[in-house]
Structure formats: structure tokens, C-alpha cells
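> sequence unknown, structure follows:
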């Protein structure tokens, strides 16, 4: 099990950041991903593996006022 | 005497959510609101009505047609005119007990600290990432809390940043970005009003020493009718 923002979410071996975003239907263009507090740049989404128990933060980049 | 009676009547419906003593304390506080657009207009409205004694409002812009969909202070009557002037006039109209300083200029590295120095709290109602980072740094140096708000489409976000915390570094990790989802999603009136109202409430709680958001990011999704409070460890 991993944590995504406030919710628990089932983990599976080989889960990448990209796979998680696809599963959770995070489709917006500007997204900020942090795994255990560490920022993951977009170019690493395919290769960055998520481990069981990880704390994943997925936020929209927004700055409108 | 008459002035005091008018004060009591004006704030009668704040009680007892806000006690008389707290009301008197609010009147001695100074808040800087940076940005007088969709968020700032509503923050200023709420803080003036609740009785914050001094407001400093900062914005270098004038109103444009595209502001009319959401910005409380904008109207067809003041297009092309200063946002801070509109803020001043609005506060004067709804609560003349509030003192307003207007700063008709954008926040810069050079001006930020001087503008924040005598304030009790700052409210981030800006519309771009670089200026928001400048404001966070100035609030840190000034030693005052910063109430951050941002919107995009149906989404809103609020957090309270104590001096020395770097929540904006977490939210905006890529320095080259100036804008976010709002470029594609726009900004809606009710999203701005709700997010700004939440900012105003957190600001008043800070001023009154009441517990509020701490190390948390409030994520508002009006399309899904959902609010999440994400703890940042």
C-alpha cells in the first residue's frame, strides 16, 4: 500500500510514477510529483519506481489569483 | 462616544464568533494584501468587514475586460483604472474605520521587505510564481506569517506559511515556470471567492492566535465538491 496525498492506494511491483498517474487519471499538463518529499521531474516519470509504503504527493501546479 | 457605539453596532454580528476583546485586538492589526485581483479583492472585502484595523494593498495593475468574470473590485465602470484605488474606495464605502495604504506598484525584491516590515501578516493573492517566491522570502525576513492562495479553474489551494518554512518551494519546484494550470483552465468567480474567503479566515485566526492550518495544504476541488487537507511532513 502507498499513500497518495490523503488516501491509501494499492501498490504493485514495478509501479512507476507514470503508471500511478495514469491509474489515478491525473491528466493535467502541469503536475508536481514528490515521492517521500523528493521532487520527481517529468522526464523521470517512466523510470522512477515507487516502492511499497511510499508517500506520494501529486499536486497541480497552479498560481492564478 | 457616538463613534464607539457605531463600532459596537457595526460588529454586533461578529459576536460571539469573535469576542469584544478580539474585535478590539483586530482593530490594532495591520495586514498586507499583495495582489488586488480575483483573490485579493475578496480577501480585502472580508478583512475590512470583519474589522482588521489597517490594510496595505499592493498591485501595479489596472482593470481589464478579462477581469470582469471573477474580480470583485472590477466593474464596467472602472476598466482601465487602478486596482488599488478600487480597493481603497471599496473599503472606505463598507468600513471607514479601516485605514488603507495603497501601493500602486508590483512587488519587487527591492520593495518587498519595506512593505512587509510593520505588518502582522501577509496575504499572497498574486498571479505568478516568481512574485510569490519573492513574497515568501520577504515574509521570512520580516518574521511574519504568509497566507498563500492560488486558483486554477475549479481548483483552489490555501496554506499558511510560518517564517522559515518553504511551502512555496514545495509547490513551485521548477523555477523557470511562471504560471500553472490556470493558463489552460482559466479562473472562475466562485473558485476565487471561496479560496479568498478561506485565506481571510486563516488570516484572522493568525491575528487572533487561534489554531489554523499548520504544515498542511488545503486542496479545494469545486468540480468534485471535495476538500482535502494534505499534511506536509
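Received it, and whenever you're ready, just let me know what you need. Quick caveat, the model's predicted, so the values are computed rather than measured.

> With adjacent residues omitted, what lies nearest to residue 15?
In the absence of a named chain, this looks at chain A. residue A:50 (4.6 Å; CB to CB, 6 or more residues apart in numbering or on different chains). For every residue, glycine as well, the C-beta is placed using N, CA and C.

> Correction: the question concerned chain B.
With CB to CB, 6+ apart as the measure, residue B:23 is the residue that lies nearest to residue B:15, at 7.8 Å, once sequence neighbours are left out.

> ok so, going back, the residue nearest to residue A:15: what's it in contact with?
With contact set as CB atoms under 8 Å, 6 or more residues apart in numbering or on different chains, residue A:50 has these partners: A:2, A:11, A:15-17, A:20, A:35, A:56.

> related to what we said a few turns ago, give me the number of residues near the residue nearest to residue B:15?
Look at residue B:23: counted by other CB atoms under 10 Å in any protein chain shown, it has 19 neighbours.

> tell me which residues of stretch B:9-27 are tucked away?
Of the residues in stretch B:9-27, those scored as buried under the neighbour-count criterion (16 or more other CB atoms under 10 Å in any protein chain shown) are B:10-11, B:14, B:18, B:22-23, B:25-27.

> quick one: the residue nearest to residue B:15 from residue A:55, how far?
Distance check for residue B:23 against residue A:55: by CB to CB, to the nearest Å, it reads 42 Å.

> show me where chain B has helices.
Taking DSSP state H as the criterion, chain B contains helices spanning B:2-10, B:20-26, B:38-50, B:83-94, B:109-116, B:129-142, B:167-171, B:182-185, B:189-208.

> so what's the residue most central in space within chain B bridging to?
In chain B, the C-alpha closest to the average C-alpha coordinate belongs to residue B:123, at a distance of 3.9 Å (CA atoms, centre = their mean). The residues paired with residue B:123 through beta bridges, assigned by DSSP bridges, are residue B:33, residue B:147.

> you'd agree it is up against residue B:36?
No. Taking contacts as CB atoms under 8 Å, residue B:123 lies outside contact range of residue B:36: 10.7 Å.

> Name the nearest residue to whichever residue of chain B sits closest to chain A, ignoring sequence neighbours.
The nearest approach of chain B to chain A comes at residue B:182, 3.2 Å away (CB to the nearest CB). Beyond its immediate neighbours in the sequence, the residue positioned closest to residue B:182 (CB to CB, 6+ apart) is residue A:64, lying 3.2 Å away.

> Burial check on that neighbour, number of neighbours?
Residues contacting residue A:64 under the criterion other CB under 10 Å number 30.

> residues contacting it?
Listed by CB under 8 Å, 6+ apart, the contact set of residue A:64 reads B:38, B:127, B:150-152, B:179-182, B:186-187.

> how does it look with 10 Å?
Neighbouring residues of residue A:64 by CB atoms under 10 Å, 6 or more residues apart in numbering or on different chains: B:37-39, B:70, B:126-128, B:149-153, B:155-157, B:179-183, B:185-188, B:191-192, B:195.

> Pull out the buried residues from those residues.
B:37-39, B:70, B:126-128, B:149-153, B:155-157, B:179-182, B:185-188, B:191-192, B:195.

> Around chain B, pick out the residues from chain A.
Proximity of chain A to chain B, by CB under 10 Å from any CB of the partner chain, involves residues A:5-7, A:28-34, A:36-42, A:55, A:57-65.

> can we see that at 7 Å?
By CB under 7 Å from any CB of the partner chain, the part of chain A that sits against chain B consists of A:5-6, A:28-30, A:32, A:39, A:57, A:59-65.

> what about the closest residue to residue A:59 other than its chain neighbours, which SS state?
Counting by CB to CB, 6+ apart, residue A:59 lies nearest to residue A:32, which is 4.6 Å off, once chain neighbours are set aside. Secondary structure, DSSP: H, G, I helix; E, B strand; the rest coil: residue A:32 is strand.

> Pull the number of nearby residues for residue 45.
The chain I'm using is chain A. Neighbour count of residue A:45, defined by other CB under 10 Å: 17.

> that's the other chain; I wanted chain B
Residues within reach of residue B:45, counting by other CB under 10 Å, total 21.

> Beta-bridge partners for the residue in chain A that chain B sits nearest to, please?
Nearest residue of chain A to chain B (CB to the nearest CB) works out as residue A:64 at 3.2 Å. Note on residue A:64: beta-bridge partners residue B:151, judged by DSSP bridges.

> Next one, pLDDT for residue B:128 please.
According to the predicted model, the pLDDT of residue B:128 comes to 95.
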